[in-house]
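[1] My questions concern the predicted model and sequence given below.
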Amino acid sequence: MFFQQLINGLMLGSTYALIAVGYSLIFGVMGLFHFAHGEVYMVGAFIALEMVLLAHLSLPLATLLAMLGTAILGIIIASIAFLPIKKEYVAAPMIATIGLGIIMQNLSIKNRKVSTKGS
């Protein structure tokens, strides 16, 4: 029981550390806060899950495809939320990423269908 909780704590802490490193890297490079970072992480997890469950790919290949998909999503977010309005208003990119985060959350809730077949 102790070792299972230790592993759970290490995995949760590693996830928090990964997200924190992403926030600090984006802020360090761009000088802006990217509040949709957690949602991009969520989309990557959904991509990997769908690749494993539906396409029956191996976990390393699904992870690589998820990283590629989130990289493309990051480029799209940067071109929509940061580049066009970066120089005009200071708070506009932050508000845009909050809006994109809300959109991604709602799309993931509406598009994720839980199948009960076979159980």
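    Great, that's in hand.
[2] what stretches of the protein score poorly on pLDDT?
    Within the chain, the segments meeting pLDDT under 70 span 86-88, 111-119.
[3] And the strands in it?
    Taking DSSP state E as the criterion, the chain contains no strands.
[4] From G69, how far out is the most centrally placed residue in it?
    Residue closest to the average C-alpha location in the chain (C-alpha atoms, centre = their mean): Y41, at 1.6 Å. In this structure, Y41 and G69 are 12 Å apart, going by C-beta to C-beta, to the nearest Å. All C-beta atoms are positioned from the backbone trio N, CA, C, and that covers glycine.
[5] A20 is in contact with the residue nearest to the centre of the chain, correct?
    No. With the criterion set as C-beta atoms under 8 Å, Y41 and A20 do not qualify as a contacting pair; they are 11.4 Å apart.
[6] contacting residues around I98?
    Listed by C-beta atoms under 8 Å, 6 or more residues apart in numbering, the contact partners of I98 are 35-36.
[7] hey, which helix is longest across the protein?
    helix 2-30 (DSSP state H).
[8] Give me the distance between that one and the centre of its chain.
    The offset between the C-alpha centroid of helix 2-30 and the centroid of the whole chain comes to 13 Å, using C-alpha atoms, centre = their mean, to the nearest Å.
[9] before we move on, what about stretch 14-34?
    A distance of 12 Å separates the C-alpha centroid of stretch 14-34 from that of its chain, computed with C-alpha atoms, centre = their mean.
[10] for that stretch, which positions count as buried?
    Counting neighbours by 16 or more other C-beta atoms under 10 Å, one finds that the buried residues in stretch 14-34 are 22, 26, 32, 34.
[11] Phi first, then psi, for the last one.
    If I follow you right, that is H34. Phi and psi for H34, reported as degrees, to the nearest 10, are phi -120, psi 90.
[12] Leaving out chain neighbours, which residue sits closest to it?
    With sequence-adjacent residues excluded and distances taken as C-beta to C-beta, 6 or more residues apart in numbering, H34 is closest to I26, at 4.6 Å.
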